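J.: only the shape, not the letters, is given here:
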Ligand code: NAD
């Protein structure tokens, strides 16, 4: 993308924003309704795009992308009037008499840079927040999911107001040019390395950012659990989420030495029940997105200290870009697979003497996007919530917290800055303006110079 084109796009959007178009409640509603209609009328095209980009099973595409985004849009439509209302706050004696309120206003023209693993929902969900808050925007989908990117380029203009909402397709060069422009917020989803590039570019214009990043999300499994259910939830939360290519997929398990073999057996049995004896042939598993990521993942297994720890799986089909669900027991803590976010179908299991040791282990790593605990022990649950720092925590399940719009979704530390979903999305793209309003009564002379001795009490 040429610089001049990017400038023209932003100028165009800024003119629409300045004209006040996006601020009107009616405009916001019409655009959200446009998104809801697009999701409902183009469900087949969305599924086809996700199938083409990731071999994503239709059921997964529906549950994790289409249905969740539709709910997010309908939730915003239902709540919008309430969210937009000024919030009255108490007046204080030093301002007497006065009234005080918080008025929300849109930030302006925002840039949304999206990623490839949930390429539909991770693009449209922040768009919903930006529109609900009354902003003009550019969506830059990921080039690594080209079919979904093309879907947005084709259909967003058909269903939405193109003078305020634009799609720019492209890769690093195009994103770099976009990042040189002045935005009122940049909302980025992706890895932390590029997150730093985004933040540095934003700093030049003093632009606020939301960085939705990843990390190594741990699952701690106590021996006091309903193992059958726990195993099903771990398996579906790892491999049933894009074959592990999900930001909140379990990255590794921690359990005690004494319970590890029981847990491994339960996971193996469940995996075989869900994906059969030859998982490379299962239609219920997404493929790896491209050959770069395939190589990145197989490299993790190339380490002899890691490949010797494969307990289950490990099969690969480079032509089809498929890797089978793979369990690894007791890999060295300094191996690459325990240092980098895995973002694929490999699942190491770390063993500790007693479960409490797992908290120190987790807290010695960069803060993850999610942390999971399976236990019936309420004391342990309380301890976990209090002592483990993560973007979000889920007890006795995996990944499901993403679907509650009353919970903020976002990282902490290395897993990101800022949160969204539900009202948090609206807030992420709004400025809260403090407004104090006074009349002319009770004008106290003591506040005005000259500060004569009669006026002074200090
Ligand atoms: P990606 O390669 O699609 O990159 C993300 C975006 O950044 C793309 O739009 C891409 O064009 C752009 N980009 C890439 N390199 C760039 C550069 N040098 N300069 C400017 N822009 C650039 O996606 P990815 O980074 O592989 O995504 C995977 C990561 O995202 C994982 O770490 C995962 O945990 C994280 N993730 C986080 C969330 C979340 O909600 N927190 C969701 C999904 C994925």
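T.: Received, thanks. Predicted model, so just to flag it, every value in this text is computed and none were measured.
J.: surely residue 256 touches residue 223?
T.: Yes: between residue 256 and residue 223 there is a contact at 6.5 Å, judged by C-beta atoms under 8 Å. C-beta coordinates here come from the backbone N, C-alpha and C atoms, glycine included.
J.: any common contacting residues for the two?
T.: Both residue 256 and residue 223 lack any common contact, where contact means C-beta atoms under 8 Å, 6 or more residues apart in numbering.
J.: how about the closest residue to the ligand within the stretch 1-150 of the chain: what's its closest non-neighbour residue?
T.: Nearest residue of the stretch 1-150 of the chain to the ligand, counting by C-beta to the nearest ligand atom: residue 142, 3.3 Å away. With C-beta to C-beta, 6 or more residues apart in numbering as the criterion, residue 142 has its nearest non-adjacent residue at 4.0 Å, and that residue is residue 116.
J.: and that neighbour, how many residues sit next to it?
T.: Using other C-beta atoms under 10 Å, the number of residues around residue 116 comes to 24.
J.: can you pull the contacts of it?
T.: By C-beta under 8 Å, 6+ apart, the contact list for residue 116 reads 53-54, 142, 144-145, 148, 289.
J.: got a winner among these for most neighbours?
T.: Each of those was scored by neighbour count (other C-beta under 10 Å); the top score is that of residue 148, with 30 neighbours.
J.: just give the closest residue to that residue, not the sequence neighbours.
T.: Leaving out its chain neighbours, the residue that sits closest to residue 148 by C-beta to C-beta, 6+ apart is residue 119, at 3.8 Å.
J.: I figured the residue of the stretch 1-150 of the chain closest to the ligand hits residue 114, correct?
T.: Yes: counting by C-beta under 8 Å, residue 142 does reach residue 114; the two are 5.6 Å apart.
J.: identify the contacts common to those two.
T.: Common neighbours of residue 142 and residue 114, using C-beta under 8 Å, 6+ apart, are residue 190.
J.: now residue 192: how far from residue 122?
T.: Residue 192 sits 16 Å away from residue 122, taking C-beta to C-beta, to the nearest Å as the criterion.
J.: more crowded one of the two?
T.: A count of neighbours by other C-beta under 10 Å puts residue 122 above the other of residue 192 and residue 122, at 23 against 18.
J.: just say helix, strand or coil for that one.
T.: Going by DSSP: H, G, I helix; E, B strand; the rest coil, the secondary structure assigned to residue 122 is helix.
J.: which strands or helices does the helix or strand residue 386 falls within pack on?
T.: When elements are defined using DSSP states H and E, residue 386 is found to belong to helix 378-387. In terms of contacts (3 or more C-beta pairs under 8 Å, 6 or more residues apart in numbering; DSSP states H and E), helix 378-387 is packed against helix 357-363, strand 370-374, strand 392-395.
J.: and the next helix or strand past the shortest one?
T.: By that I understand strand 392-395. Using DSSP H and E, the helix or strand that follows strand 392-395 towards the C-terminus is strand 409-410.
J.: could I get the average pLDDT for that next one?
T.: Predicted confidence along strand 409-410 averages 98 (mean pLDDT).
J.: tell me what it is packed against?
T.: Other elements packing on strand 409-410 under the criterion 3+ C-beta pairs under 8 Å, 6+ apart are strand 419-420.
J.: so does the strand it packs on get close to the ligand?
T.: No: Strand 419-420 is not in contact with the ligand by C-beta under 6 Å from any ligand atom; minimum separation 8.5 Å.
J.: just checking, next helix/strand downstream of that strand?
T.: From strand 419-420 onward toward the C-terminus, using DSSP H and E, the following helix or strand is helix 422-428.
J.: touching the ligand at all, that next one?
T.: No: where contact is defined by C-beta under 6 Å from any ligand atom, no part of helix 422-428 touches the ligand; the two come within 12.0 Å at best.
J.: neighbours of the closest residue to the ligand within the chain, just the number please.
T.: When C-beta to the nearest ligand atom is the measure, the chain has its nearest residue to the ligand at residue 214, with 1.8 Å between them. Applying other C-beta under 10 Å, we find 28 residues neighbouring residue 214.
J.: in what helix or strand does it lie?
T.: With elements delineated by DSSP H and E, residue 214 resides in a region that no helix or strand encompasses.
J.: isn't it up against residue 340?
T.: No: here residue 214 does not reach residue 340: they are 10.2 Å apart, not a contact under C-beta under 8 Å.
J.: tell me which parts of the stretch 101-250 of the chain are close to the ligand?
T.: If contact is defined as C-beta under 6 Å from any ligand atom, the residues of the stretch 101-250 of the chain in contact with the ligand are 113-117, 122, 140, 142-144, 171-172, 175-176, 189-191, 194, 197, 212-214, 247.
J.: out of those, which end up buried?
T.: Neighbour counting with 16 or more other C-beta atoms under 10 Å marks 113-117, 122, 140, 142, 144, 175, 189-191, 194, 197, 212-214, 247 as buried within these.
J.: just those residues: which are in helices?
T.: Secondary structure defined by DSSP state H assigns 122, 175, 194, 197 of those to helices.
J.: what two of those residues are the furthest from one another?
T.: 122 and 197 (18.4 Å; C-beta to C-beta).
J.: contacts only, for the residue nearest to residue 148.
T.: 49-50, 53-54, 141-142, 145, 148-149.
J.: give the other helices and strands that the helix or strand harbouring residue 4 contacts.
T.: For residue 4, the enclosing helix or strand under DSSP H and E is helix 3-18. On a contact count with 3+ C-beta pairs under 8 Å, 6+ apart, helix 3-18 meets strand 109-113, strand 136-140, strand 165-167, helix 172-180.
J.: which parts of it are buried?
T.: For helix 3-18, burial by neighbour count (16+ other C-beta under 10 Å) applies to 6, 9-10, 12-14, 16-17.
J.: and the very next helix or strand once past that helix, what's buried?
T.: Helices and strands here follow DSSP H and E; after helix 3-18, the next one along the chain is helix 25-41. For helix 25-41, a neighbour-count test (16+ other C-beta under 10 Å) marks 27-29, 31-32, 34-36, 38-39 as buried.
J.: ok, stretch 393-405 next?
T.: Residues of stretch 393-405 classed as buried by neighbour count (16+ other C-beta under 10 Å): 393-399, 401-402, 405.
J.: where do the helices sit along the stretch 251-400 of the chain?
T.: Counting by DSSP state H, counting those that start in this stretch, residue ranges of the helices within the stretch 251-400 of the chain are 260-275, 291-302, 304-307, 336-339, 357-363, 378-387.
J.: as TSV, those helices with distance to residue 441 would be great.
T.: Putting the helices of the stretch 251-400 of the chain into TSV (distance: least, C-beta to C-beta, whole Å) gives the following:
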stretch	distance to residue 441
helix 260-275	71
helix 291-302	68
helix 304-307	76
helix 336-339	66
helix 357-363	56
helix 378-387	50
